[in-house]
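# need a structure here:
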Amino acid sequence: MDNHHLKALLKQVQCGQLNLDAALEQLKTLPFENLGYARIDNHRCVRTGVAEVIYCEGKTVEQTQGIVQRLARHHDNILATRASREIYEGIREVTDDCVYHSMARIVVIKPREIEKVGNLAVVTAGTSDIPVAEEAAITAETLGNRVNRIYDAGVAGIHRILNVRDDLFQANVAVVVAGMEGALTSVVGGLVSCPVIGVPTSVGYGASFGGVAALLCMLNSCASGVSVVNIDNGFGAAYQASLINKLAAGKTGHSAADGDGECPTGAGSGSDDTDISLVKAS
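The predicted model follows:
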């Protein structure tokens, strides 16, 4: 249950629109709900500001559907990552309120417009790195960050990254996605004053060892302010970058519900046993 839905529930109790027993019934699934094959962390959004994210690889369509149905009761902008077309079609069977980003392999369930803040740059060395970069970019945008995409600016043509240095200078944080030898992360780290998060990709010929070469290169970077996530982990980089960007932008991610502390017009005098379902976020 996210803060918006939780505040709406408490406001209904405060204003006499919902009795205590009905409210308690809705809160019974906090902090988690056991589906047998998954224990859904309904309390995570209250703690961190972001609902539990569904990692789809290794899950059956039926398992994913069950998790989506439970999360969608009280959350918006739910991320389902590493989602195949089959998983997406399965999600559509239980809710058509979703969008599939095929290159990023992400489904956003119950997408809702959210204020984009700050400046988060996502940079790739090559075009082949874009799928991982898009996982980062879509994740960051869904979490409420303003994203600047800078693609195909690798070190083989160093003038390309130097040509966009003004864009990099304006970023609060940069996610740099690179395969092969992964050198672009060090180059960007040596240019900017903001934190840089390196994402090694599995792009490259045999001696790249599926991204291990890029990973080791980034871990051994001589540029200060560089941190590194796992191979192809665009989601993890975006989540960390979102935390940094929102701190820089003065946003915590815990937005208050509209009309916080006020009862809806005409409320407050209703019967104590009136049972009104949870208000949906718009």
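
# Tell me the spatial nearest neighbour of K110, not counting adjacent residues.
D76 (4.6 Å; Cβ to Cβ, 6 or more residues apart in numbering). Quick note: C-beta positions are derived from backbone N, CA and C, even for glycine.

# I'd like to know how far the one you found sits from L143.
For D76, the distance to L143 equals 12 Å [Cβ to Cβ, to the nearest Å].

# just K246 next, same as before
8 Å.

# For the closest residue to V164 other than its chain neighbours, what are phi and psi?
Using Cβ to Cβ, 6+ apart and skipping residues adjacent in sequence, the residue nearest V164 is I150, 5.3 Å away. Note on I150: its backbone torsions stand at phi -130, psi 100 [degrees, to the nearest 10].

# again, but for G118
Phi and psi for G118, reported as degrees, to the nearest 10, are phi 70, psi -150.

# Touching, it and C194? I think so.
No - proximity of G118 to C194 does not meet the contact threshold set by Cβ atoms under 8 Å, at 10.6 Å.

# shared neighbours, the two?
172, 248 (Cβ atoms under 8 Å, 6 or more residues apart in numbering).

# Tell me which helix or strand Y88 sits in.
Using DSSP states H and E, Y88 sits in helix 85-94.

# contact partners of that helix?
Taking Cβ under 8 Å, 6+ apart as the rule, helix 85-94 contacts 56, 59, 61-62, 64-65, 68-69, 80, 83, 98, 100, 102, 107, 109.

# Whatever helix or strand comes next after it: partners in the sheet, and parallel or antiparallel?
Scanning forward in sequence from helix 85-94 by DSSP H and E, the next helix or strand is strand 98-101. Sheet pairing of strand 98-101 (DSSP bridges) gives strand 106-109 (antiparallel).

# Show me the shaky parts of the stretch 1-150 of the chain.
The stretch 1-150 of the chain contains residues with pLDDT under 70 at 1-9, 13, 18, 20-30, 32-34, 43-46.

# now with 80?
For the stretch 1-150 of the chain, the stretches with pLDDT under 80 are 1-14, 16-36, 39-51.

# hey, where'd the strands end up in it?
32-34, 39-41, 54-55, 78-81, 98-101, 106-109, 117-124, 145-150 (DSSP state E, counting those that start in this stretch).

# Buried ones in stretch 109-122, by neighbour count?
109-110, 117-122 (16 or more other Cβ atoms under 10 Å).

# now that stretch, how far from the centre of its chain.
9 Å (Cα atoms, centre = their mean, to the nearest Å).

# Isn't C56 up against I78?
No - assessed by Cβ under 8 Å, C56 is found out of contact with I78, at 11.9 Å.

# and which of the buried residues of stretch 109-122 is nearest to L215?
V122 (18.5 Å; Cβ to Cβ).

# List the residues that contact that closest one.
133, 136-137, 140, 147-150, 174-175, 177, 238.

# Among the strands of the stretch 1-150 of the chain, which comes closest to L216?
strand 117-124 (19.3 Å).

# Report pLDDT for S282.
Looking at S282, its pLDDT stands at 30.

# one step back: the residue nearest to V164 - how many residues pack around it?
20 (other Cβ atoms under 10 Å).

# buried residues in stretch 156-176?
Neighbour-count burial for stretch 156-176 [16+ other Cβ under 10 Å]: 161, 168, 171-176.

# would you turn those residues into JSON lines with pLDDT, distance to V188 and secondary structure?
Listed next are these as JSON lines, based on pLDDT from 0 to 100; distance: Cβ to Cβ, whole Å; DSSP: H, G, I helix; E, B strand; the rest coil:
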{"residue": "I161", "pLDDT": "93", "distance to V188": "7", "secondary structure": "helix"}
{"residue": "L168", "pLDDT": "95", "distance to V188": "7", "secondary structure": "helix"}
{"residue": "A171", "pLDDT": "95", "distance to V188": "10", "secondary structure": "coil"}
{"residue": "N172", "pLDDT": "96", "distance to V188": "14", "secondary structure": "coil"}
{"residue": "V173", "pLDDT": "97", "distance to V188": "11", "secondary structure": "strand"}
{"residue": "A174", "pLDDT": "97", "distance to V188": "6", "secondary structure": "strand"}
{"residue": "V175", "pLDDT": "98", "distance to V188": "10", "secondary structure": "strand"}
{"residue": "V176", "pLDDT": "97", "distance to V188": "5", "secondary structure": "strand"}
